[in-house]
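J.: task: produce atomic coordinates for the following.
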Amino acid sequence: MWLFIIGTHLLDYSMYYSGVWEQYPHLIAIGSGFPFLNGPLFCFYVKYSLRNDIKFKKKELLHFSPFVPYYLAVSPFFLYQAAEKIKVTQGDISHFDEINNFALIGFCLSGIGYPVYSLRILKRFHRLMHQNFSFEEAVNHKWLGYLILGIFTIFSTIILVLVIQNALHIATPLNLKLIFYTMIILFIVFIGFYGIRYRGIFNETTSFVHIEESDDEEKQKGLYHKTGLKPDGARQIHVQLLDFMDKKKPYLEPRLTLGNQASMLNVSVHHLSQVINLFEGRNFFDFINQYRVDEFKKRAANPQFSSFSILAIAMDSGFNSKSSFNQSFKKITGQTLSEYF
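T.: Purely as a prediction, here's the structure:
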């Protein structure tokens, strides 16, 4: 839906730029209000790309509310005769100057505000992933970060040029609209490459937790009261967990999840997450990868594995990719592989 709106808006500008408006004046400004939809649709695209198990809420329609009053405000324009419409586009009539200025300000604020909001959604999602998964492909969504940065850069560039041209009254040889729409087209190419090939990690049957990380021990203890987990029960689960990790080595499974681990221990997913956060001071992702790094160190120092490559030893230790191994090793040991060896 978002790409359809962008495409329609691009078509609207293309008709203006190529002179089609002058031949068919009734098409003038048909898509002028579509920019109000870009910000919200982009935000929802990010949200639903991350997770496909959530439903659209009616209250979220408020994000699209500026779209309707804008078209109501400019509706008299669509009743003009063809000649009058052409005059308006040529700047001979200033009836809609205030509306256009308001629309431009709203468009820019939307273009800046929604990427910032989307970035917060992405960060919360990463925390959620680290609480539930032990493998990097479930956590790594850098392409969405680049997507957000791209949108933010596009609108920041437009706002900067507008300030230079209008507020500072500095003449520039730049065609603002042509630059903007060229950037949008390149942006769509980026979406086509990354967005279509992406597959969400969650589905409707996935069990996961929303526990937030915190360095505040008292705050973490408060979480236990909400779920009915007693301190003695928490300590018992922790002892059971450490014993299981040492004896069964579940971390050797590359696609281990919090739900899998909880099932093995026959405990609640929420309780297990809280125990790891409180007693280990880290999330599930870092907790499991600490064991994997330690396993790698043992195997790398063992002459029995001298004929194996570093990557082979890392994969045998539970990592599922070279990048995940390198990042976890540096984060946990504070050293690169070359420095360690």
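J.: lowest-pLDDT helix or strand in this protein?
T.: In the chain, no helix or strand scores lower on mean pLDDT, DSSP states H and E than helix 217-227, which sits at a mean of 51.
J.: the strands in this structure, which residues?
T.: Taking DSSP state E, the chain contains no strands at all.
J.: excluding chain neighbours, what is closest to the one residue sitting closest to the centre of it?
T.: Nearest to the geometric centre of the chain sits Leu122, at 3.6 Å (Cα atoms, centre = their mean). Leaving out its chain neighbours, the residue that sits closest to Leu122 by Cβ to Cβ, 6 or more residues apart in numbering is Leu144, at 5.8 Å. For glycine as for every other residue, the C-beta is placed from the backbone atoms N, C-alpha and C.
J.: wait, isn't the residue nearest to the centre of the chain in contact with Val46?
T.: Yes: Leu122 sits in contact with Val46 when judged by Cβ atoms under 8 Å, with a separation of 6.6 Å.
J.: which residues do these two both contact?
T.: Leu144, Ile148 (Cβ atoms under 8 Å, 6 or more residues apart in numbering).
J.: pull the longest helix from the chain.
T.: Across the chain, the longest stretch assigned as helix under DSSP state H is helix 97-132.
J.: return the set of buried residues in that helix.
T.: 103, 107-108, 110-112, 114-115, 117-119, 121-122, 125-132 (16 or more other Cβ atoms under 10 Å).
J.: next one: it to chain centre, how far?
T.: Distance of helix 97-132 from the chain centroid (Cα atoms, centre = their mean, to the nearest Å) equals 11 Å.
J.: check which helices and strands it sits against.
T.: helix 35-50, helix 67-78, helix 142-162, helix 258-265, helix 284-300 (3 or more Cβ pairs under 8 Å, 6 or more residues apart in numbering; DSSP states H and E).
J.: how about TSV for these, with distance to Glu22 added?
T.: Shown next, in TSV, are those (distance: least, Cβ to Cβ, whole Å):
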stretch	distance to Glu22
helix 35-50	23
helix 67-78	16
helix 142-162	26
helix 258-265	62
helix 284-300	59
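J.: if I look at Lys87, how far off is Pro25?
T.: As judged by Cβ to Cβ, to the nearest Å, Lys87 and Pro25 stand 10 Å apart.
J.: tell me which of those two has more neighbours.
T.: Neighbour comparison, Lys87 and Pro25: the larger count goes to Pro25, with 18 against 13 (by other Cβ atoms under 10 Å).
J.: pLDDT score assigned to that one?
T.: pLDDT for Pro25: 83.
J.: neighbours of the nearest residue to it once chain neighbours are set aside, how many?
T.: Spatial nearest neighbour of Pro25, excluding adjacent residues (Cβ to Cβ, 6+ apart): Ala82 at 3.9 Å. Using other Cβ under 10 Å, Ala82 has 12 neighbouring residues.
J.: quick one, helices of the stretch 201-341 of the chain?
T.: 217-227, 231-248, 258-265, 269-275, 284-300, 310-316, 322-333, 337-340 (DSSP state H, counting those that start in this stretch).
J.: what mean pLDDT would you report for the last one?
T.: Helix 337-340 carries an average pLDDT of 92.
J.: mind listing what the residue of the chain positioned farthest from its centre touches?
T.: The centre of the chain is farthest from one residue, Ala83, which by Cα atoms, centre = their mean lies 46.3 Å away. Contacts for Ala83 (Cβ under 8 Å, 6+ apart) come out as Pro25.
J.: just the pLDDT for it.
T.: In this model, Ala83 carries a pLDDT of 81.
J.: what about it, distance to Ala314?
T.: Using Cβ to Cβ, we find Ala83 at a distance of 73 Å from Ala314.
J.: chain center to stretch 273-281: distance?
T.: From the chain centre to the centre of stretch 273-281 is a distance of 26 Å (Cα atoms, centre = their mean).
J.: got the end-to-end distance for it?
T.: Taking Cα to Cα, to the nearest Å, the first and last residues of stretch 273-281 lie 11 Å apart.
J.: what mean pLDDT does that stretch get?
T.: Average pLDDT, stretch 273-281: 92.
J.: next, the buried residues of it.
T.: By 16+ other Cβ under 10 Å, the buried positions in stretch 273-281 come out as Ser273, Gln274, Val275, Ile276, Asn277, Leu278, Phe279.
J.: my guess is the first one meets Gln261, correct?
T.: In other words, Ser273. No: in this structure Ser273 lies outside contact range of Gln261 using Cβ under 8 Å: 9.6 Å.
J.: list residues touching both of these two?
T.: Phe284.
J.: so, low pLDDT: which residues of the stretch 101-250 of the chain?
T.: Low-confidence segments of the stretch 101-250 of the chain (pLDDT under 70): 137-140, 172, 174, 195-227.
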